[in-house]
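Novice: sequence below, structure please.
(chains A and B, ligands or ions: 2)
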Amino acid sequence: MSGDVLEARGLGKRFGGLAACSGVSLSVREGEVHAVIGPNGAGKSTLINLLSGDLRPTDGTILLDGRDVTVSGPDRRCRGGIGRSYQKTTIFPERTVFDNARLAAQATRPGALAMRCDGKRRSDVREAALAALAEVGLEGRADTPARSMSHGEQRQLEVAMVLATAPRLVLLDEPLAGMGHAEARRMTGLIASLKAGRGILLVEHDMDAVFAIADRLTVMADGKVIASGTVDAVRRDPVVRAAYLGEAEDVA
Amino acid sequence: MQPLSTRTHIALLAAVVAAAILPALVPDYYVQFAAKVLILGTLAMALNLAVGFGGLVSLCHAAFFGLAGYALVLAAPEYDEPSLLLTLPLAVGATVLVALVVGVLSLRTRGVYFIMVTLAFGEMLFFLFHDTPIGGGSDGLFLYVKPVLAFGETILLDLGNPVTFYLVSLAAAAGTWWLIRHLLSTPFGDALTAARDNERRALALGIPVFRVRLIAFVLSAALAGLAGYLSAAQFGFVAPQMLGWHLSATALVMVVLGGTRRVAGPLAGALVVTGLEEVLKYFIDDWKLVYGLIVIALVLLAPGGLQDVARLTGLGRRAGTPALKLKEANNVG
Ligand SMILES: Nc1ncnc2c1ncn2[C@@H]1O[C@H](COP(=O)(O)OP(=O)(O)O)[C@@H](O)[C@H]1O
Ligand SMILES: [Mg+2]
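Specialist: Ligands and ions are numbered 1, 2, ... in the order given. So this is what the prediction gives:
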């Protein structure tokens, strides 16, 4: 149990008759990238939504640093240390890049709802926002309106916003989707660099990236975990080959 | 909010000075009219804190306005001057309590549902005063003596004096403008507008959206209450119409006309709507029809305001979707 930033036990989510997730147990340790793969509709985004608090699970328990957060809302969980990106980029497009990062940095610091000071003048918030932008390589774009950036840069900005909240656990839902080759490689390197002092749960379709940076791998299909373990062990797993990866050449 | 530039500072100062010396320049009738505009402008600016900056299109702000007015009249001794220091906090306090309850119950809903729920609460309060004897029923109540601010035997402010009353209304409008503007520059204001722009992202950044909206809603109701208190003091009369949806909708029209993005915009909207009513009443017997048509035309022509409100209720987006689907269906077929 030591070193587990996140532990989920028997998570389940039903939408009417559909079990989008059922009996999902997994953990994320500090300093590791735990990748979750699976075909479309496998329940990966649902799993992330359950972990972030965007959805309330129908079954199971979620522990963050050993504390039960199963019934906390998304804002509480964020203040508790969970940061996330969405499959569909979710930023404030009408604001500048810096303002996006500033809102993120401010919301998780003391005085997040202060009514007396001027938000723009807080140096601690400012520094945290700029540091997060620098970490993703957007420090030169601070004054650009977010809407006028490329898709890839907007994805980077979303990661910077997550970092600005000083998370213990980062949940990334297909961060490379729709990115060009160079952008994707850059983002892959960035994700790998984030794991120091944090746990990363990465949902991604880009297998090159997954195999390059994942420490552990979980495979989902039809809302269930069908295999989990080290990357090598999962790649050799016959069930995975048959059920999900199909064309064995792609895997090996 | 950007810091004010020197030019804005000078313009602002000029406007305040001009407003302050207005009573010396025009006949009493216009001073009273100006006070009315300032009071309705305060109501509209207060409403816009919820609508424009919180994304909460409320249709019950007249109820807060009327409630504070009734509170003043009910708390006032019949033949003695009511104390401003007692009755104003009482009226605003009563409004805050009711707004807390309405807010807690309505802020769980979104978009059109929020409009409906606030409308229902507003009408409930309207009928509370219309159909029960607590506030004189449909006839309303008179306030025979206007509130005063006294220090011992010395009267500092007498709201019965039209010029004093006008200056107090001016201070209320300016104070409301300053307060909202200040609030928007604080972390609280950031959280409020972030929740308006993208609730999901705001929550995922750790912003307690419900609490932030509730605080903003209650503050906005308190300021509407301040306006309602002054309105009751100005006319010396309260009636259930003061709480009804008609006034809520009129305040929303002021917001739309003045624009939702600027703090003082709704004040300009109040001037346009109230001025139009005044002019038409003077020249036309059946003024209400013409008034209605002009207001509709203005609302449709006002840049941005209507689109903003439609977007905040989700009407704008929903209206766009079927057309898009139809196009896709045609492409397939
Ligand atoms: N809000 C929802 N309501 C109903 N069904 C949903 C909802 N969200 C996801 N689903 C369904 O749950 C299943 C898993 O979806 P999702 O978690 O998005 O899969 P993935 O991210 O692995 O592609 C899908 O069948 C999807 O249609
Ligand atoms: Mg998905």
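
Novice: what stretches of chain A score poorly on pLDDT?
Specialist: A:1-2, A:243-252 (pLDDT under 70).

Novice: apply 90 and report the result again.
Specialist: Applying pLDDT under 90 to chain A flags the ranges A:1-3, A:110-111, A:116-123, A:178, A:180, A:182-183, A:235-252.

Novice: distance of the residue most central in space within chain B from ligand 2?
Specialist: Most central in chain B under Cα atoms, centre = their mean is residue B:43, positioned 2.4 Å from the mean C-alpha point. For residue B:43, the distance to ligand 2 equals 46 Å [Cβ to the ion, to the nearest Å]. For every residue, glycine as well, the C-beta is placed using N, CA and C.

Novice: my guess is that residue contacts residue B:229. True?
Specialist: No: assessed by Cβ atoms under 8 Å, residue B:43 is found out of contact with residue B:229, at 11.0 Å.

Novice: buried ones in stretch A:194-213?
Specialist: A:194-195, A:198-204, A:206, A:209-210, A:213 (16 or more other Cβ atoms under 10 Å in any protein chain shown).

Novice: hmm, I was thinking of stretch B:167-186
Specialist: For stretch B:167-186, by 16+ other Cβ under 10 Å, it's B:167-170, B:172-174, B:176-177, B:179-181, B:183-186.

Novice: ok, residue B:180 to ligand 2 distance?
Specialist: Remark: distance between residue B:180 and ligand 2 (Cβ to the ion) = 40 Å.

Novice: hmm, I was thinking of residue B:29
Specialist: From residue B:29 over to ligand 2 the distance is 66 Å, taken as Cβ to the ion.

Novice: okay, now that residue: neighbour count?
Specialist: Neighbours of residue B:29 under the rule other Cβ atoms under 10 Å in any protein chain shown: 9.

Novice: residues touching it, list them.
Specialist: Contacts for residue B:29 (Cβ atoms under 8 Å, 6 or more residues apart in numbering or on different chains) come out as none.

Novice: how much space between it and residue B:102?
Specialist: Distance of residue B:29 to residue B:102, computed by Cβ to Cβ, to the nearest Å: 37 Å.

Novice: now residue B:137
Specialist: Counting by Cβ to Cβ, the gap from residue B:137 to residue B:102 is 23 Å.

Novice: which of those two has more neighbours?
Specialist: residue B:102 (24 against 14).

Novice: quick one: buried residues of the host helix or strand of residue B:274?
Specialist: Secondary structure from DSSP states H and E places residue B:274 in helix B:265-283. Neighbour-count burial for helix B:265-283 flags B:265-274, B:276-277, B:280 (criterion: 16+ other Cβ under 10 Å).

Novice: with those in mind, which one is nearest to chain A?
Specialist: Closest approach to chain A among these (Cβ to the nearest Cβ): residue B:265, at 18.0 Å.

Novice: what pLDDT is listed against the closest one?
Specialist: Residue B:265 carries a pLDDT value of 92.

Novice: check contacts around it.
Specialist: Taking Cβ under 8 Å, 6+ apart as the criterion, residue B:265 is in contact with B:48, B:52, B:255, B:258, B:259, B:305.

Novice: ok, residue B:69 next?
Specialist: B:91, B:228, B:229, B:231, B:232, B:238, B:242.

Novice: narrow the buried residues of stretch A:194-213 to those in strands?
Specialist: The members of the buried residues of stretch A:194-213 that map onto strands under DSSP state E are A:199, A:200, A:201, A:202, A:203.

Novice: with distance to chain B added, can I get the residues you listed in JSON lines?
Specialist: Shown next, in JSON lines, are those (distance: Cβ to the nearest Cβ, whole Å):
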{"residue": "A:199", "distance to chain B": "17"}
{"residue": "A:200", "distance to chain B": "16"}
{"residue": "A:201", "distance to chain B": "15"}
{"residue": "A:202", "distance to chain B": "17"}
{"residue": "A:203", "distance to chain B": "16"}
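
Novice: just to revisit the earlier point, for ligand 1, see how far away the residue nearest to the centre of chain B is.
Specialist: Relative to ligand 1, residue B:43 is positioned 40 Å away (Cβ to the nearest ligand atom, to the nearest Å).

Novice: now do the contacts for that residue.
Specialist: Contacts for residue B:43 (Cβ under 8 Å, 6+ apart) come out as B:61, B:62, B:65, B:223, B:224, B:227, B:228, B:251, B:270.
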